[in-house]
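Student: Okay, sequence plus prediction incoming.
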Amino acid sequence: MNTYVQRLLKPSNCHASKKAGYTLPEMMIIASIIGILAAVATPSFLGFKERQEVQNGRDMVYQSIRSTQMDAMKFREARRFSIRQVGDRVEWASHPERITATAISQWESLPAGVILSEKDNTLRKKSGIHYIRFDIHGNVTSPLGTITLTGANRGGVKRCVIVSTLIGAMRKGEEHPKPNSNGRYCY
């Protein structure tokens, strides 16, 4: 080998930097910045997640009530949409009127983290189960009302489904700071 190449390959001629890496104060500053960003972003993210869960739950309830109404017309039989709170989860069922809600064994669950609100649930209630009934024409045969959902940690997010006319018209709503003419906040 060439002596010039041998000299270049000698460890004594390699100039490795002795200042590679970060110092302890630099690492502590970086960790502090990451901690501050996480502390600011976490509540926003959790609020966003709760709003999405409650909105998805409301959309499922809306679609399920609408499906119960359509089934009443399709099968030409009175049908009932029932919804209940069991512990920390909300369950719903669509069934013929002749079968009581307490006799139903197959209940569907709403997304985890969604519960029934303590206020603004005005659908008729029997044995802890809220319900709405439809006749064979899809018309409401029980009192009109609202079902309101909120997040399990009660972060203030409320979404509702309102059955507003006897012919079964429904709409989705959300909580407002001021009540409507009926004294309801979710409309």
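Tutor: Looks like it came in fine.
Student: drop to CA atoms for contacts and neighbour counts, all remaining ones
Tutor: Noted.
Student: What is the subsequent helix or strand relative to the longest helix anywhere in the chain?
Tutor: Criterion DSSP state H: the longest helix present in the chain is helix 24-75. Counting by DSSP states H and E, the next helix or strand C-terminal to helix 24-75 is strand 79-86.
Student: Strand 79-86 and the longest helix of the chain, what's the angle between them?
Tutor: Relative orientation of helix 24-75 versus strand 79-86 (axes from the mean of the first three to the mean of the last three C-alpha atoms, to 10 degrees): 150 degrees.
Student: Helix 24-75 packs against which elements?
Tutor: Packing contacts for helix 24-75, counted by 3 or more C-alpha pairs under 8 Å, 6 or more residues apart in numbering; DSSP states H and E, involve strand 79-86, strand 89-96, strand 114-116, strand 129-134, strand 145-151, strand 158-163, strand 170-174.
Student: Could you tell me the per-residue confidence at the closest residue in space to residue 101 that isn't next to it in sequence?
Tutor: Leaving aside its sequence neighbours, residue 101 sits nearest to residue 82 (C-alpha to C-alpha, 6 or more residues apart in numbering; 6.7 Å). You'll see residue 82 listed with a pLDDT of 97.
Student: Likewise for residue 157?
Tutor: Here, the pLDDT recorded for residue 157 equals 88.
Student: ok, now which ones touch the residue nearest the centre of the chain?
Tutor: In the chain, the residue lying closest to the centroid (C-alpha atoms, centre = their mean) is residue 53, at 1.4 Å. Residue 53 is in contact with 111, 112, 113, 114, 151, counting by C-alpha atoms under 8 Å, 6 or more residues apart in numbering.
Student: before we move on, back to that, of all the helices and strands packed on helix 24-75, which one comes closest to residue 20?
Tutor: Closest to residue 20 of those, according to C-alpha to C-alpha: strand 145-151, at 49.4 Å.
Student: what's the spacing between the closest one and its chain's center?
Tutor: Relative to its chain's centre, strand 145-151 lies at 12 Å (C-alpha atoms, centre = their mean, to the nearest Å).
Student: What is the neighbour count of residue 62?
Tutor: If you count neighbours by other C-alpha atoms under 10 Å, residue 62 ends up with 20.
Student: about what we covered before: out of the contacts of residue 53, who's the most crowded?
Tutor: Most crowded among those, counting by other C-alpha under 10 Å, is residue 114 at 27 neighbours.
Student: Could you check how far the residue lying closest to that one once chain neighbours are set aside is from residue 88?
Tutor: Distances taken as C-alpha to C-alpha, 6+ apart place residue 151 nearest to residue 114, at 4.8 Å, with adjacent residues excluded. Shown here: residue 151 relative to residue 88, a distance of 10 Å by C-alpha to C-alpha, to the nearest Å.
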